[in-house]
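In: from the sequence below, what's the structure:
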Amino acid sequence: MASTAIKPKAAAPWRARTLVLKLLQVVGILALLLIVGLAAATPGFFTIANFQAVLASTTFVGLVAIGMTLIMISGAFVSMSLATTGTVTAMFFVFALQFGLVPAVLMTVALGAILGLLQGLAIGAWDANPIIVTIAAGSIQEGLSVAISGGTTISPVSDSYAILNITPLGLPLGFYLLLLLVVVTELILRGTRLGREIYMLGESRAAARAAALPLGRIGASVFCLAGVTAALTGILLAAFNHSASLLLNRGTLNYDAIAATLIGGAAIAGGRGAVWRTLGGVIIIAFATDLVLLRGYSTGTQILLKGLVMMVFVLALHLRSKERRR
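Out: Next up is the predicted model:
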C-alpha cells in the first residue's frame, strides 16, 4: 500500500504570525522614532522638571496596576472595581482622619483589604465570573458611598495628612511607596509559596485544582492584596486633592492600570507577568500622555494614542509568545 506523505498544515499560519510580528516590530520602531522626534520638537519635554512631573503622575495608576497585575497573573482576568475601591477608601480616609493620621491609614488599608477579600472569596472559592463580580462590587461600593455621604465632597477636619504630600528630591512620597511595593510584590511572587501558587493557578485552574491547591485562599489573597494597593491609592488621592468624593473615579484610572499591565507583558489568560514590567508600562503611558498634553492635543487624541500603544504592544507580545512555544 502506497503511503501518502502528510504535509504539516500549521506551517502557513506560523509563517503568517512571524510576518505579522516582524511588521509590528517595524511599526513599533517607526512609532518610537516618531515619538522621539515629536519629543525633541516639544519645548520643555526633555527637562528635569518635566521628568519629575511624569514620574510623579505614575503613582496612582502604578499602585492600582500592581493589584491588577496580581489579578491578571492569577487568571482572574481583570478587576473592574479597583478604581472605585480607591475612591471609596479615599472618602473613608478623610472621615477617619478625625481619629489621627496613623489610625486613619491603618483603618483605610484594612477596609481595602476586606473589600478585596470578599471579592476574592467569591471568585476563588465559588468560581464566580470575575468581571461580573467586580462590576457588581464596584456598583455596591459606589451606591453605599452615595447613601452614606449623600454624594457630597468630604473635607478633612485637620491637615495631619500634609506629610503625605512631601516631595523628597522633587518626587512625591507616593512615588517612593510605589517603588517599594513593586520590590515587595516581586519578592512575594518570586520567592514565596503564595507567589508560586498564583502563577500555577493562572497557568491552569484545572491543574491547580488537581494538585489540591487551596483555590479559595489563593484567590482571596490576590484580591486582598489588590484591595490594599487600591486603598493606598485612595489615601494618596485624598491627600493630594485635600478632599474626597466619587468624582475621583471619573477618570481612566482603572483602564490605564489594565493598559499598563498588558503593555508590561502580563497574559490576560493568566500565568505570566511581572510587576516590574508593569511599572515600565505605567511609565510608557505616562510619558506618552505627557507628550500629547505638552503639544496641546485633545483628550480624545490621548485616549486614541493609549489604545494604539496598547494594541501594538499586546499583539507583539502575544505573537512572540506563540513563536516561543512553537
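
In: for the stretch 1-150 of the chain, which spans come out with low pLDDT?
Out: 1-17, 20-21, 24-25, 28 (pLDDT under 70).

In: give me that answer again for 80
Out: 1-35, 125, 148 (pLDDT under 80).

In: all helices of it, in order?
Out: In the stretch 1-150 of the chain, helices defined by DSSP state H, counting those that start in this stretch lie at 11-40, 48-73, 82-96, 101-124, 130-149, listed in chain order.

In: who's in contact with Phe92?
Out: By CB atoms under 8 Å, 6 or more residues apart in numbering, the contact set of Phe92 is Met107, Thr108, Leu111, Gly234. No exception for glycine: its C-beta is placed from N, CA and C like everyone else's.

In: separation between it and Ala210?
Out: Shown here: Phe92 relative to Ala210, a distance of 41 Å by CB to CB, to the nearest Å.

In: cool, and Gly67?
Out: 28 Å.

In: and Pro172, by the same measure?
Out: 46 Å.

In: with Ile258 instead?
Out: 30 Å.

In: between the two, point out the one with more neighbours.
Out: Ile258 (26 against 9; other CB atoms under 10 Å).

In: run the chain-centre distance for the helix or strand encompassing the more buried one.
Out: Assigned by DSSP states H and E, Ile258 belongs to helix 253-263. Averaged C-alpha coordinates place helix 253-263 at 5 Å from its chain's average position (CA atoms, centre = their mean, to the nearest Å).

In: ok, residues contacting it?
Out: Residues outside helix 253-263 that contact it (CB under 8 Å, 6+ apart) are 60-62, 64-65, 67-69, 72, 78-80, 82-84, 86, 233, 268, 273, 278, 280-282, 284-285, 306, 309-310, 313-314.

In: buried ones in it, by neighbour count?
Out: The neighbour-count check on helix 253-263 (16 or more other CB atoms under 10 Å) flags Leu253, Asn254, Tyr255, Asp256, Ala257, Ile258, Ala259, Ala260, Thr261, Leu262, Ile263 as buried.

In: return the closest of those residues with respect to Val292.
Out: Asp256 (13.9 Å; CB to CB).

In: quick one, phi psi at the closest residue to Ala40 other than its chain neighbours?
Out: Distances taken as CB to CB, 6 or more residues apart in numbering place Phe46 nearest to Ala40, at 7.2 Å, with adjacent residues excluded. Phi and psi for Phe46, reported as degrees, to the nearest 10, are phi -90, psi 70.

In: which one among the buried residues of helix 253-263 gets closest to Leu121?
Out: For these, the nearest to Leu121 is Asn254 (21.3 Å; CB to CB).

In: where does the closest one land on pLDDT?
Out: Looking at Asn254, its pLDDT is 90.

In: what do you get for the one 3 residues further on?
Out: Predicted confidence (pLDDT) at Ala257: the value is 93.

In: how close does it get to Leu63?
Out: 9 Å.

In: point to the residue nearest the middle of the chain.
Out: Ala65 (1.8 Å; CA atoms, centre = their mean).

In: could you check how far that residue is from Ile48?
Out: Applying CB to CB to Ala65 and Ile48 gives a distance of 25 Å.

In: how many neighbours does Gly296 have?
Out: 8.

In: ok so it is a strand residue?
Out: No - read with DSSP: H, G, I helix; E, B strand; the rest coil, Gly296 is coil and lies in no strand.

In: look up phi and psi at it.
Out: phi 80, psi 20.

In: the residue nearest to the centre of the chain contacts Thr278, correct?
Out: Yes - with contacts counted by CB atoms under 8 Å, Ala65 reaches Thr278, the gap being 5.1 Å.

In: so what sits against both of the two?
Out: In contact with both Ala65 and Thr278: Ala260, Thr261, Gly264, using CB under 8 Å, 6+ apart.

In: present those as CSV; the columns should include distance to Met200 and pLDDT.
Out: Shown next, in CSV, are those (distance: CB to CB, whole Å; pLDDT from 0 to 100):
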residue, distance to Met200, pLDDT
Ala260, 24, 91
Thr261, 19, 93
Gly264, 20, 89
